[in-house]
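Undergrad: Pasted the sequence and its predicted model underneath.
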2 protein chains.
Amino acid sequence: MGVTKTDLFTEKQNELAKIAKVFAHPARIAILEYLIQSDTCINGDLVQELGLAQATISQHLRELKEIGLIKGSIEGVSVCYCIDPIRWAEVQHLFHDLFGGFPKISGCC
Amino acid sequence: MGVTKTDLFTEKQNELAKIAKVFAHPARIAILEYLIQSDTCINGDLVQELGLAQATISQHLRELKEIGLIKGSIEGVSVCYCIDPIRWAEVQHLFHDLFGGFPKISGCC
DNA sequence: TTTATATATCGCAATATTACGATATATGTT
DNA sequence: AACATATATCGTAATATTGCGATATATAAA
């Protein structure tokens, strides 16, 4: 099928999965790392930096934008992308909560 | 295409993406949460707990096992699954490192 | 040995993702 | 206005993921 039965799971489980899906591609990880490392928020350079076509980069940027992880502001002809610190912290917390749940007593198999 | 150009990215970027992909499904999140919450590592109950077919659950468990996040030990007729604390911590660190990189100076767009 | 129970794997159909050329849009330059 | 530059979107082909019925495997019970 390829279609996920979201109705079987909680809102939170679906949200975390949706966010994880955005992290689930090395190009998007690379874009995020590039945005973290370069204080200045460049966009077009990504096409040079990663070896992907412009259309592909744009598509990845849109997915990052859709979950609010990055935002872009038009800067003349080009677009300046950067990480949204608020959302970044939110997402960080979501993962932290999941990982923090374990271990509790930690002893079984 | 659907095929990812892994050769364009670093080992670490590819690994993190691969791990994120496993988190990128609500059923697998639900399985992990269930394993965290129940000290005892039950397996078959997952079929009851989530509303998915046995074959589907088994498939999700395999993906979790493949990246080492959980491990299963045969317990008579059934299999006892649980989170691998070592790998769990490793993966936690990978995400922590990514999130920790930001903000540095945090001011741009 | 036969039967029941639990889990894994196979094979398939439906859908999703990835990549990119072509093209649209929008701003700056001449 | 005409052109160049930067980015977004569309359409499409190739591949991946998801879900599950059917079936295989493996242990326990009768």
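TA: Everything's here; your move. Everything quoted here is computed from the prediction, not taken from an experiment.
Undergrad: tell me which strands and helices the longest helix along chain A is in contact with?
TA: Assignment by DSSP state H gives helix A:85-100 as the longest helix of chain A. Applying 3 or more CB pairs under 8 Å, 6 or more residues apart in numbering or on different chains; DSSP states H and E, we find helix A:85-100 packed against helix A:11-23, helix B:26-37, helix B:85-100. The way it works is simple: take the backbone N, C-alpha and C, and place the C-beta from them, glycine included.
Undergrad: Recalculate using a threshold of 10 Å.
TA: For helix A:85-100, the elements it packs on are helix A:11-23, strand A:70-75, helix B:11-23, helix B:26-37, helix B:85-100, judged by 3 or more CB pairs under 10 Å, 6 or more residues apart in numbering or on different chains; DSSP states H and E.
Undergrad: So which of the ones you listed is the most surrounded?
TA: Among the helices and strands packed on helix A:85-100, ranked by average contacts under mean count of other CB atoms under 10 Å in any protein chain shown, first place goes to helix B:26-37 (a mean of 21).
Undergrad: could you check the angle helix A:85-100 makes with that helix?
TA: 50 degrees (axes from the mean of the first three to the mean of the last three CA atoms, to 10 degrees).
Undergrad: near chain A at all, helix B:26-37?
TA: Yes - using CB under 10 Å from any CB of the partner chain, helix B:26-37 reaches chain A at B:26, B:27, B:28, B:29, B:30, B:31, B:32, B:33, B:35, B:36, B:37.
Undergrad: Near DNA strand D, which residues of chain A are found?
TA: By CB under 7 Å from any atom of the strand, the residues of chain A that approach DNA strand D are A:1-5, A:43-44, A:47, A:54-55, A:58-59, A:61-62, A:72, A:77-79.
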